[in-house]
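S.K.: model the structure of this input:
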Amino acid sequence: MAEIKNKQLQQAVTALGKAVTRDAEAIRSVALAIREDAQDTIRVAEQIASLGVDPQSVGETRDLANAMNAIGQASDAYSSASDTTARMAQAAVAQARASHDGIHEAVNRSPVDVSSLNRSWVTPE
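M.R.: Numbering: from 1, shown residues only. This is a model prediction of the structure:
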């Protein structure tokens, strides 16, 4: 197993947490844009219907709006799942800090000189 130090763990987990949060925000933004586009398409269908455009074109425009609404709803579900993932990533960051910073702090406060300690002695089996 590769050896990883507390500082490396903190950096990796923090970077992952930030990336997941950033991605969740991007997904939420795209979901909102899709819903807004679907509403605009519905308005276009109503406008072209009032102008007397052929019913088939109006129907196709409404079908497009319905498909976009379905995509918007799926995007909302995906956005919700990404929010949950982001919260879990933030919890992992907090847990890594709580678990490992306490160990690191205890070692730093210890009056015992561990610089010559054989690291294999404290390595978990």
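
S.K.: contacting residues around stretch 105-112?
M.R.: For stretch 105-112, contacts defined as CB atoms under 8 Å, 6 or more residues apart in numbering pick out residue 114. All C-beta spots, glycine's among them, are computed from the backbone N, C-alpha and C.

S.K.: same question for stretch 51-65.
M.R.: So stretch 51-65 is contacted by 38, 41-42, 44-45, 48-49 (CB under 8 Å, 6+ apart).

S.K.: work out the gap between it and the centre of the chain.
M.R.: 37 Å (CA atoms, centre = their mean, to the nearest Å).

S.K.: including distance to residue 21 and neighbour count, could the contacts of stretch 51-65 go into TSV?
M.R.: Output for the contacts of stretch 51-65, formatted as TSV (distance: CB to CB, whole Å; neighbours: other CB atoms under 10 Å):
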residue	distance to residue 21	neighbour count
38	26	20
41	31	19
42	32	17
44	35	15
45	37	21
48	41	15
49	43	16
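
S.K.: mind listing which of those residues are in helices?
M.R.: Mapping these onto helices (DSSP state H) picks out 38, 41-42, 44-45, 48-49.

S.K.: pLDDT wise, what is the residue of the chain positioned farthest from its centre at?
M.R.: Distance from the centre of the chain peaks at residue 52, with 45.3 Å (CA atoms, centre = their mean). Model confidence at residue 52, expressed as pLDDT, equals 91.

S.K.: and it, which of the three is it?
M.R.: Secondary structure state of residue 52, per DSSP: H, G, I helix; E, B strand; the rest coil, is coil.

S.K.: go through stretch 58-65 and flag the buried ones.
M.R.: Residues of stretch 58-65 classed as buried under the neighbour-count rule (16 or more other CB atoms under 10 Å) are 58, 61-62, 64-65.

S.K.: oh, I was asking about stretch 24-35
M.R.: 24, 27-28, 31, 34-35.
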